[in-house]
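**Q** All I have is the shape, not the residue letters:
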């Protein structure tokens, strides 16, 4: 029951952050980074609350990371629709050493974010396991 | 070719090793990118801090994070990353490479300050990237499969296409992948990071 409640909270967090994306009138790369990483960290943090069970632990972690994975895929479409606007707002950060461009492949970037999300949930699971052992 | 055998063995299950590989492949890139963006935004257009920012962000993501992670998960030593004490021959090779590359660039008309600043920057880039791509990634890949060709090919693909994710695919395929394969081969053959760092340094310097 507790696991289901935590999963529900995780889903609600992802929905909340998806809505937040449209509340920002000016979206730049730093805000976008915070908006993408915060739900990931919160979702991984919620893994610390679940009951560690060695059996099917990886499956459980995967289920808990699913809301954030879906959020990241949905966000990719949202970001794509506001790409020019985000680029314009982010140009203020451009310096000699920091180039702001749209040259990154969206699929490669999405894969990177999804892998980091899965990895983050795995790390949180490892922390939970080691905490429960000690 | 002899198998690539790491010094420490653990009894971790296969899924855990795969997940550790995933963490080691993607987290360092994320840390380097985020710390770079934050530091360059905080200190814009600062030429003097440029090298320090590169050293901090790449050192943090490509060296400190993978080392601490592998130390905690697999209790690795520095030798597992290919870090060994320098022999007299290694020192001679270092001098030859630095001297040769610098002389060539000066001969082509570059200034002393250009050669010096780029040498320092490329040394930081080559050392940190090699520590991660060859030292850490080859170590964790050897836990999945000890076949040297598997380690060379997979680590090279990861280096060419993940580290340079923002570069065009064709550039990575024809310019970075061959170099990465050579460096992977050198590392698996010698298990010494100095040779791959020197190759990486020369490759970057000569293609400036």
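**A** Now that the structure is in, tell me what you want to look at. Just so you know, these numbers come straight off a predicted model, no measurement behind them.

**Q** what about the longest helix in the chain?
**A** I went with chain A, as the question did not name one. For chain A, the helix with the greatest residue count under DSSP state H is helix A:106-133.

**Q** my bad, the chain I had in mind was chain B
**A** helix B:14-42.

**Q** and it, how far out from the chain's middle?
**A** Centroid separation for helix B:14-42 versus its chain: 14 Å, with CA atoms, centre = their mean, to the nearest Å.

**Q** tell me the mean pLDDT over that helix?
**A** Across helix B:14-42, the average pLDDT comes to 88.

**Q** mind listing what's buried in it?
**A** Buried residues in helix B:14-42, defined by neighbour count with 16 or more other CB atoms under 10 Å in any protein chain shown: B:16-33, B:35-37, B:39-41. Where you see a C-beta, it was placed from the backbone N, CA and C, and this is true even at glycine.

**Q** cool, and stretch B:62-69?
**A** Buried residues in stretch B:62-69, counted by 16+ other CB under 10 Å: B:62, B:63, B:65, B:66, B:67, B:69.

**Q** helix/strand/coil for the residue nearest to residue B:166 when sequence neighbours are not counted?
**A** Leaving aside its chain neighbours, residue B:166 sits nearest to residue A:104 (5.1 Å; criterion: CB to CB, 6 or more residues apart in numbering or on different chains). Here residue A:104 is recorded as coil under DSSP: H, G, I helix; E, B strand; the rest coil.

**Q** Repeat that for residue A:5.
**A** helix.

**Q** that older thread, check which helices and strands the longest helix of chain A sits against.
**A** Counting contacts by 3 or more CB pairs under 8 Å, 6 or more residues apart in numbering or on different chains; DSSP states H and E, helix A:106-133 packs against helix A:29-47, helix A:57-81, helix B:14-42.

**Q** can you tell me which helix or strand residue B:66 belongs to?
**A** Following DSSP states H and E, one finds residue B:66 within helix B:65-74.

**Q** any idea of the mean pLDDT for that helix?
**A** 93.

**Q** between it and helix A:106-133, what angle do the directions make?
**A** Interaxial angle of helix B:65-74 relative to helix A:106-133 (axes from the mean of the first three to the mean of the last three CA atoms, to 10 degrees): 40 degrees.

**Q** who touches residue A:124 in this structure?
**A** Applying CB atoms under 8 Å, 6 or more residues apart in numbering or on different chains, we find residue A:124 in contact with A:44, A:45, A:47, A:48.

**Q** Okay then, goodbye and thanks.
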